[in-house]
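K.L.:
what follows is a predicted structure for the sequence shown.
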Number of protein chains: 4
Amino acid sequence: MVMLIEFGHCHGITDIDWTCISMIKVAINGYGTIGKRVADAVDAQDDMEIIGITKTGPSFGCKLAVNKNFPIYCTSDDESKISSFSKEGYACIGGISDLLNIADIVVDCSPGKMGVANAEMYRRANIKYIFQGGEKHDLTGLSYSSSANHKSAFNANSARVVSCNTTGLSRTLVPLYDACGELTVECTMIRRAADPGDSSRGPINAIKPVLKVPSHHGLDLMTIKPEIKINSLAVAVPTTIMHVHSIIVDLPANHNFTTESIIKLWKNQPRVIVMNGNKNRITSTAEVMEMARDMGRKWGDLHEIFIWEDGVSLKGNRLYYFQAIHQESDVIPENIDCIRSMMGVEKDWKVSVEMTDSSISRYYGL
Amino acid sequence: MVMLIEFGHCHGITDIDWTCISMIKVAINGYGTIGKRVADAVDAQDDMEIIGITKTGPSFGCKLAVNKNFPIYCTSDDESKISSFSKEGYACIGGISDLLNIADIVVDCSPGKMGVANAEMYRRANIKYIFQGGEKHDLTGLSYSSSANHKSAFNANSARVVSCNTTGLSRTLVPLYDACGELTVECTMIRRAADPGDSSRGPINAIKPVLKVPSHHGLDLMTIKPEIKINSLAVAVPTTIMHVHSIIVDLPANHNFTTESIIKLWKNQPRVIVMNGNKNRITSTAEVMEMARDMGRKWGDLHEIFIWEDGVSLKGNRLYYFQAIHQESDVIPENIDCIRSMMGVEKDWKVSVEMTDSSISRYYGL
Amino acid sequence: MVMLIEFGHCHGITDIDWTCISMIKVAINGYGTIGKRVADAVDAQDDMEIIGITKTGPSFGCKLAVNKNFPIYCTSDDESKISSFSKEGYACIGGISDLLNIADIVVDCSPGKMGVANAEMYRRANIKYIFQGGEKHDLTGLSYSSSANHKSAFNANSARVVSCNTTGLSRTLVPLYDACGELTVECTMIRRAADPGDSSRGPINAIKPVLKVPSHHGLDLMTIKPEIKINSLAVAVPTTIMHVHSIIVDLPANHNFTTESIIKLWKNQPRVIVMNGNKNRITSTAEVMEMARDMGRKWGDLHEIFIWEDGVSLKGNRLYYFQAIHQESDVIPENIDCIRSMMGVEKDWKVSVEMTDSSISRYYGL
Amino acid sequence: MVMLIEFGHCHGITDIDWTCISMIKVAINGYGTIGKRVADAVDAQDDMEIIGITKTGPSFGCKLAVNKNFPIYCTSDDESKISSFSKEGYACIGGISDLLNIADIVVDCSPGKMGVANAEMYRRANIKYIFQGGEKHDLTGLSYSSSANHKSAFNANSARVVSCNTTGLSRTLVPLYDACGELTVECTMIRRAADPGDSSRGPINAIKPVLKVPSHHGLDLMTIKPEIKINSLAVAVPTTIMHVHSIIVDLPANHNFTTESIIKLWKNQPRVIVMNGNKNRITSTAEVMEMARDMGRKWGDLHEIFIWEDGVSLKGNRLYYFQAIHQESDVIPENIDCIRSMMGVEKDWKVSVEMTDSSISRYYGL
């Protein structure tokens, strides 16, 4: 059993040496699907803390922030908007400018199409900033994934954490590339059409191909690992819970891999889960997400990429495999690593990943 | 922030007076969808503890039990089956008989059709037992829901916690009955066709009426509250996340209710959430379950029944409303209350409910 | 086997006495989901013909019209729009005004929100007109369903054929009312969320209640049969193929019905199919629509309302039943009957229905 | 308009020279999803006729056969089974042996796992026979698709028409192969999980990979066109209406194709439809099937393979495209061609295809 003792806005495990004073002060601009998750993950770390989150108005998300003791700011500096929060019983401390003034770094999790304006605001506030994969690479010129290019973000002023799909590709392809030195990849992305909490989007009973061929997903991987040659095709299907990638990789002729040694390589990677689907009765994304719920992470999230061991097959130089991506959460720990790299705390990606993941696990009691 | 200190298999908050010694020893027979949830809820309580759970073999669920430090027993007493667990690295302490020997009460969460045999086993072991709503009323002769008939189970030797749908009906209809003295109810149940982790069942694109009319759901409510006259119709639809009830209630002519006062009555009930769907943008079960995920309970569970405030309408004596039921979890806290009543700990249902729910909230940090 | 002989724009069976000259000239304004079906049904009749259909521009639907030899007009009188059709290889004969000039009656099947403007246009053109159930009752002041009030439309200048759901309710409730003299009805409508050809609308995995309670569906029945007291509740579910109604009817105390005699009553109604679901393995709307496809009507349509015989149950004065509604097509034959009534051709609804349905059956070879 | 004159069990268009006497007598063993469609297609031809279909008992399908005037036989020779039909009002002429005695060829459309026994029965009856793609290649040793190997079946005694997916692959890959002389293909099949009339199978909300990698689909193409090197991966998704193939083809280095010339090649192929998805608002399989319904074929079938023109992309030697497959019907015309080849009527596949398709079009008025 477990005792919980709360003392202020500070937490930790006694055998780790830390002080509140040295913590990285993180602002979250936009507290929705991604923002609420990044905030929780920051809160679980020993070397960073949430200094404030923003909301456009006093909606349900404020309650979440209150439960977590996260200070609430308004996405605008307009006094009337700031004061509107109190009418619904929420304390709003100030506008976005007030928050940027006291933060070391801001993670932008606002909805699409605000990137250019927000980037300009962050630069004026002289603050480091991170965007998400919905924004274009050019906005920061530096796209990031923990396994692909952690060091590139070291002490950087701005970066973009790539999308859930690109993050998923980097988790399994980068280690292959590192071992082989050369890869040509084709990926068909079978995408969930809407998130679980979204009841407005369809299709209900159809498959919808992305008619831009190749799709942007493959190109996006090349922003973080240009050495990997990749194209992608995508279709949307009537499910809400995960994307699946059907991947074909051409290894160089002189590779020394077997199906088994590739599986072993992936099993040794952080944030990758490899399981036998038939033996474990995990034959679809439904059972994968059920396993994630069992793991006890908030929202039933799965930060890891899931590979079906019995779906991996190496035929000569050509490798086939399926992987499943939890679109709402796989980028969450990458944001933490990215903060750490940009703040100059930790240059080794595997060390940062270990710090991030063990803190999250400890916090959620896994 | 939060400090977590583990000391053995015992937990608590310092301002509550308890000792491990006096705890109710609960066995869980069957550690699946319901069993794993009941076990977690028992574990969160201060007056009871998990003395062991059973598995048929060394499958994935064992890992969950290990994470929670729950002793694992085998559903059989067969030595070869018991020893099979160690091959997969799990410690199996013994067979079901060993577990029943040391428990005060067993919660039967085994899959269907084992009720008669298991009940006989529990009687022979001279242990109190609880079945779930999948079994028939006659198996124990005492069906239970916290709000309907908590006292009936006081010191009882056996009981059956009614199904998710019946539990949902009792949460909102019993308080109405208590206030009015007479109700005639018609309910159309729009049922989810499969649970989220089940990828084998359909339909994918159809509505499937239950051709037994009236369906058994209404009759089942009368096993715990025979004073309420109710019939029900049911259809299954292609969704995995919640049931919805479309309910019509005839109040007695002399009722003093308004739409508003009925809403107020429900807002004051435990385990009922009443929210305005349009104002809060919770217009479907997708958004209800997203709110549940935000609440942070494990598995994204929603123990409460959800009523759309703007879907409640009283026209003369006839009341219309919709409610949503999380089929995997609404019966979980009822099992805890039922244990407490059967063990003679607490006769007042509202006191028990408060104990149960505050322990669960505290445990999960809500 | 079958011989098909085409002679011009005129068709028939030799043992029926008709001349092309006396035919009712029908214009279809809007050739989409409903319009294309009404046009085909008109074309199958011996006493009416399609004088023209309208399209906003030269899209795919024009091809359908060409295949059927239906003259194409533009929904606008704008010369540039009219001439745009020829660029895509379609002959557009003129604007809507040209069409209204030569038609006896126009069936408005245009998308929503154009009713007021179109009605004014039809009045100016001094032509009879029919709207569909998407428009409000007040637009024409006369709502219509074959079984409810065929005679009311006799020689009328304008009418509105009620929606698919209201049509479905009238098919089964009006004969009951006619036999009993008094009904009080509650209906829960389980609605398909999108049509089969619509891939943009959701929800994918949710149930969405209509938070206006009672919903408009019940009220709409009272525009054609005010004597029936009815309320309705509605939810949308993730399916594309049919609505299902869960209906509860209170018969007067002196009724002489049994479950069996009610089934017999419905079996004798036109446009109602009553089948045993378990015996015929038609246990969901999927199997109902498969039967409809087998029947060979174009688009796999089912003009009839489907009742599961084993889902009908009379308990005292209270009757329970389920019915399934093909939302794309059940109103099609009603439009034909409505034309016939408004044109003063046939006052007896059962005679008109027989004419309509036998022509459609003969035409499609059923 | 159209005049229909029925004279016995014989039909045709006057400008085609034919006599009933010379017709190929076709038996259909198994009158379900495929059987009923093949029967209709045979019935539409001028050089063949349905001599009888089989049913296991007097179920709904008999009604279909009666409507079409197809003689009904029992799948068994058991007298009691044969006589059971009359109790439900159907005339059953005899057992399967009686039917095989009078037929020239039998198309086996019985459900899976009966192939070996049925093949033996057909051999004993000294009759030609065709199996469907659900049976293994070895059963007949000759797999067939019209575009791949029509001549191989000329005068053959037995053949197997390949599955819907393999047929789809052959329609678009064989013409490419014929033009290039060499192809290496990778295909990810995104499969519908259940047919529209099947409400028992799921998943409702998941993606289910086929964990046998490569899947059998690619290998199956090599039974009819061994020169094409192909592998395939497959996932099942929650839709009922079509499969989608995401295809990658490596052309030989010396190919002279452009994206445009490949599109042109396919537009000239029979049973292939190439359309621009964005221009025609056909952006998913929902809209493809809606177009099929508009075409007026029975069951809303689409015999053609659908290619999205704007989803075709040639990058160097590598070609990308999507195609959609109507799993219930694309093999239907192939069965007709196969009959014609096996009966020694027509050796040229394009001539046979033209005969087959124009008869079907004429019959269904397209």
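P.N.:
Structure's in. What do you need? Predicted, not measured: the structure shown is a model, and the values here were computed from it. Numbers count the residues shown, from 1 in each chain, chains lettered A, B, ... in the order given.
K.L.:
helix or strand: which one has the closest residue to chain B within the stretch 251-366 of chain A?
P.N.:
Proximity of the stretch 251-366 of chain A to chain B (C-beta to the nearest C-beta) peaks at A:Glu290, 3.0 Å away. Every residue, glycine included, has its C-beta placed from N, CA and C. In this assignment (DSSP states H and E), A:Glu290 forms part of helix A:285-295.
K.L.:
how about that helix, does it reach chain C?
P.N.:
No. Helix A:285-295 does not reach chain C (C-beta under 8 Å from any C-beta of the partner chain); its nearest approach is 10.8 Å.
K.L.:
now do the contacts for A:Pro196.
P.N.:
A:240-241, A:328, B:241, B:286, B:289-290, B:293, C:205 (C-beta atoms under 8 Å, 6 or more residues apart in numbering or on different chains).
K.L.:
same check, this time on A:Arg201
P.N.:
A:193-194, C:200-204.
K.L.:
and the helices in the stretch 51-200 of chain A?
P.N.:
A:61-67, A:79-87, A:96-102, A:115-124, A:146-149, A:164-180 (DSSP state H, counting those that start in this stretch).
K.L.:
just checking, what packs against the third one?
P.N.:
To tie it back to what came earlier, the one meant is helix A:96-102. Other elements packing on helix A:96-102 under the criterion 3 or more C-beta pairs under 8 Å, 6 or more residues apart in numbering or on different chains; DSSP states H and E are strand A:24-29, strand A:48-55, strand A:72-74, helix A:115-124.
K.L.:
of all these, which one is nearest chain D?
P.N.:
helix A:115-124 (26.1 Å).
K.L.:
next, the buried residues of that closest one.
P.N.:
Neighbour-count burial for helix A:115-124 flags A:115, A:118-119, A:121-122 (criterion: 16 or more other C-beta atoms under 10 Å in any protein chain shown).
K.L.:
and chain A, split by domain according to the record?
P.N.:
Split into domains by automatic domain parsing, chain A comes to A:21-162+A:331-364, A:164-325.
K.L.:
which one of those domains is the most hemmed in?
P.N.:
Among the domains of chain A, domain A:164-325 has the highest mean neighbour count (mean count of other C-beta atoms under 10 Å in any protein chain shown), at a mean of 21.
K.L.:
quick one: average confidence on it?
P.N.:
When pLDDT is averaged along domain A:164-325, the result is 96.
K.L.:
so how far is the first residue of it from its last?
P.N.:
Start-to-end span of domain A:164-325 (C-alpha to C-alpha, to the nearest Å) is 7 Å.
K.L.:
ok, now stretch A:277-285?
P.N.:
Chord length of stretch A:277-285, first to last residue, is 10 Å (C-alpha to C-alpha).
K.L.:
who in chain A is up against chain C?
P.N.:
Counting by C-beta under 8 Å from any C-beta, chain A comes close to chain C at A:193-194, A:196, A:198-206, A:208, A:238-240.
K.L.:
go through the residues you listed and name the one nearest B:Asn268.
P.N.:
Minimum distance to B:Asn268 across those is 29.1 Å, recorded for A:Ser199 (C-beta to C-beta).
K.L.:
hang on, isn't the closest one packed against C:Pro203?
P.N.:
Yes. A:Ser199 is within contact range of C:Pro203, at 3.6 Å (criterion: C-beta atoms under 8 Å).
K.L.:
quick check: neighbours shared by these two?
P.N.:
Counting by C-beta under 8 Å, 6+ apart, the contacts common to A:Ser199 and C:Pro203 are B:284, B:286.
K.L.:
and A:Ser313, how far from chain D?
P.N.:
Remark: distance between A:Ser313 and chain D (C-beta to the nearest C-beta, to the nearest Å) = 4 Å.
K.L.:
cool, A:Asn231 as well?
P.N.:
Counting by C-beta to the nearest C-beta, the separation of A:Asn231 from chain D is 7 Å.
K.L.:
quick one: what helix or strand has that residue in it?
P.N.:
Assigned by DSSP H and E, A:Asn231 belongs to strand A:229-237.
K.L.:
hmm, that strand touching chain B?
P.N.:
No. Shown here: strand A:229-237 not in contact with chain B (C-beta under 8 Å from any C-beta), separated by at least 11.4 Å.
K.L.:
what's the distance between that strand and the middle of its chain?
P.N.:
Put simply, strand A:229-237 sits 20 Å off its chain's centre (C-alpha atoms, centre = their mean, to the nearest Å).
K.L.:
next, the angle helix A:164-180 makes with it.
P.N.:
Strand A:229-237 runs at 150 degrees relative to helix A:164-180, counting by axes from the mean of the first three to the mean of the last three C-alpha atoms, to 10 degrees.
K.L.:
what does the very next helix or strand once past strand A:229-237 contact?
P.N.:
Using DSSP H and E, the next helix or strand after strand A:229-237 towards the C-terminus is strand A:243-250. With contacts defined as C-beta under 8 Å, 6+ apart, strand A:243-250 is touched by A:164-165, A:168-169, A:172-173, A:176, A:183-192, A:285, A:317-325, A:327, D:186, D:188, D:207, D:209, D:233, D:235, D:246, D:248.
K.L.:
run the last query once more with 6 Å
P.N.:
A:183-192, A:317-325, A:327, D:186, D:188, D:207, D:233, D:235 (C-beta atoms under 6 Å, 6 or more residues apart in numbering or on different chains).
K.L.:
and for stretch A:205-217?
P.N.:
Contact with stretch A:205-217 is made by A:165, A:189, A:231-232, A:234-237, B:205, C:199, C:240, D:190, D:239, D:244, D:277, D:284-286, D:308, D:310-311, D:313, D:320, D:322, as judged by C-beta under 6 Å, 6+ apart.
K.L.:
span of it from start to end?
P.N.:
End-to-end distance for stretch A:205-217, by C-alpha to C-alpha: 24 Å.
K.L.:
what of stretch A:218-225?
P.N.:
End to end - C-alpha to C-alpha - stretch A:218-225 spans 11 Å.
K.L.:
is it anywhere near chain D?
P.N.:
No. Stretch A:218-225 lies apart from chain D when judged by C-beta under 6 Å from any C-beta of the partner chain; the minimum separation is 11.0 Å.
K.L.:
isn't A:Glu88 up against A:Pro58?
P.N.:
Yes. With contacts counted by C-beta atoms under 6 Å, A:Glu88 reaches A:Pro58, the gap being 3.7 Å.
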